[in-house]
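> generate a structure from the sequence data that follows.
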Amino acid sequence: MPAVPPQPQPHPSGPVPPVQHNNPAPATPPAPPEPPRRTAFAEGVDRLRSAATTEPGRLRIIGAVLALLVVAFGAVTAWQMADRSTAADDVLNNSQPLSSAAADIYRSLADANTAASSGFLAGGQETAASRDRYEKDIDAAAEGLVQAAANSDPDSPAAETVARLNKLLPEYKGLVERARTYNRQGFPVGGAYLRYANEKMQKEMLPAAEDLYKKENQRLRADYGDATPYPWAAIGLGVLALAALAWAQHRNYRRTNRVLNHGLVAATATATVVLLWLVVGHSVARAALDDSYDHGVRSLNVLHDARIASLKARGSENLTLVARGAETVEVNGTTYDAYDHDFGEEMDTLGKGLAEAEKLADDKTGEQPVTAAVGNMTEWKKRHAAARAQDENGNYQAALDRVIGPKGATGECFDSVDANLAKAITHENAEFEQAAGNGLDAMTGLTVGAAVLAVLGAAGAVLGIGRRLSEYR
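Just a heads-up that it's a prediction; the model follows:
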């Protein structure tokens, strides 16, 4: 039998591991790192740099820059003039009317207080005209507060002031009605109620109304501040655009000996028109708005203050007789009747206001009623001094006749002062509306016109450069 070859024996721990060689195969060398990816901006810069090496490429860049400058000029002009036009419109149709409405609220409240004291002095002889005047003043104040509330931002200080006045007005009316009721019945407590009503008016309501008036004036000044500054950004861009267009045309002339490029000339013309329109139009508007403030708003503020001073003086004069010396004040060691002392201070304020109003009046129509009011005030002081002399001598009825009597009383002087001031206010308000309207009109069309002309100018610049590019094809 043939011999059987020996069989390999399995390794006790498993399959036999492969034989390791001392010289392994060399490893594959690593791939070189990829270069960093360039940004789109960098690639664009390279393309621009490459294009700038040729005249057509340079012309394309010049055309794009010119078009961008002209469009930017028109856009900034439209934006800035839209803001100024909106502010000028607010001056004319919003903030100034609201300022005057706030002054009317103050005047109505002060006049209602004066009418209430006049009616109280008349007692059972109170006239229907006096009662009607009081009711009209209260209704006018209430309507003014409704308008102010509608035009105030929620949670604003002005809205809080209006809400406070709306709360105080019915309280005041209630006190006045109680004073009248007790006065008709002959009870002296009626005078106390009227003094309390006057205190509420003088220390709470009128200060709140004055605060509302000041807030509306601040809004008016802010609108003037937005409407009048020169649009320097637009003017600067316009000058820059014209300079770039002039340089481009000079370059074109040096390279081609052609004096004019129609497209660039058209772009220069439109940019020039917009810049001149911007400067001249805004200068005219600014001058008109400044005039509306100097000869309108300032005069109106002074006249409103003078009218309010006359109303407060009349109320103090009436309360001097109502209190009959019950209220006193000490000044520099001397005791005075409190209401008569207030009357003197308010008449001083009235005199200063009328003097300032005369200086601000810029024509005879505005000056005449103020001059007449000065004469009325002088006569008022004389009659008041005569009434005080009668009262201090114990002639209460004679003093009362000199204050609220049908003829020769101080009431006639007060009514004349009030009527003349109302006439002056009407005139100054008309002047304000005329001047502010002229300012707004000077800006009309500039916003749209600048945008349209800028687009046309940019198109002209592109077409002008395109005409040059066509020569290289």
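> just confirm Glu330 is within a strand.
Yes: counting by DSSP: H, G, I helix; E, B strand; the rest coil, Glu330 falls inside a strand.
> can you name the helix or strand that Gly437 falls in?
helix 410-442 (DSSP states H and E).
> then Ala246?
Using DSSP H and E, Ala246 falls within helix 232-256.
> hmm, back to that, got the angle between the following helix or strand past the helix holding Gly437 and helix 232-256?
Next in sequence after helix 410-442, counting helices and strands by DSSP H and E, comes helix 446-469. For helix 446-469 against helix 232-256, the angle by axes from the mean of the first three to the mean of the last three Cα atoms, to 10 degrees is 20 degrees.
> just checking, what packs against helix 446-469?
Judged by 3 or more Cβ pairs under 8 Å, 6 or more residues apart in numbering; DSSP states H and E, helix 446-469 is in contact with helix 55-90, helix 232-256, helix 262-292. C-beta coordinates here come from the backbone N, C-alpha and C atoms, glycine included.
> can I get those helices in TSV with mean neighbour count, distance to Leu350 and mean pLDDT?
Output for these, formatted as TSV (neighbours: other Cβ atoms under 10 Å; distance: least, Cβ to Cβ, whole Å; pLDDT from 0 to 100):
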stretch	mean neighbour count	distance to Leu350	mean pLDDT
helix 55-90	20	32	89
helix 232-256	16	44	89
helix 262-292	20	26	92
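> nearest to Leu169, of the ones you listed?
helix 55-90 (28.4 Å; Cβ to Cβ).
> buried residues, the helix or strand that that closest one is followed by. List them.
Next in sequence after helix 55-90, counting helices and strands by DSSP H and E, comes helix 96-122. Of the residues in helix 96-122, those buried by neighbour count under the rule 16 or more other Cβ atoms under 10 Å are 96-121.
> does the closest residue to Asp418 other than its chain neighbours lie in a helix or a strand, and which?
Once flanking residues are discounted, Asp418 sits nearest to Ser310: 6.1 Å by Cβ to Cβ, 6 or more residues apart in numbering. Element membership of Ser310, judged by DSSP H and E, is helix 298-323.
> tell me what that helix is packed against?
The contact analysis (3+ Cβ pairs under 8 Å, 6+ apart) places helix 298-323 against helix 96-122, helix 189-200, helix 206-227, helix 338-360, helix 364-392, helix 396-404, helix 410-442.
> average pLDDT across stretch 409-416?
Mean per-residue pLDDT for stretch 409-416: 91.
> who's in contact with that stretch?
Contacts with stretch 409-416, where a contact means Cβ atoms under 8 Å, 6 or more residues apart in numbering, come from 118, 310, 313-314, 317, 372-373, 376-377, 379-380, 383-384, 387, 401-405.
> same question, stretch 456-463
Contacts of stretch 456-463 (Cβ under 8 Å, 6+ apart): 63, 66-68, 70-71, 74, 245, 248, 262-271, 274.
> please identify the most buried of the helices and strands packed on helix 298-323.
helix 96-122 (a mean of 24; mean count of other Cβ atoms under 10 Å).
> so after it, what's the next helix or strand?
helix 128-150.
> got the contact list for Asn93?
Remark: with contacts taken as Cβ under 8 Å, 6+ apart, Asn93 is in contact with nothing.
> roughly how far apart are it and Asn301?
Noted for Asn93: a distance of 19 Å to Asn301, by Cβ to Cβ, to the nearest Å.
> so Arg219 sits right up against Ser95, yeah?
Yes: Arg219 lies in contact with Ser95 (Cβ atoms under 8 Å); the separation is 4.9 Å.
> alright, calling it a day.
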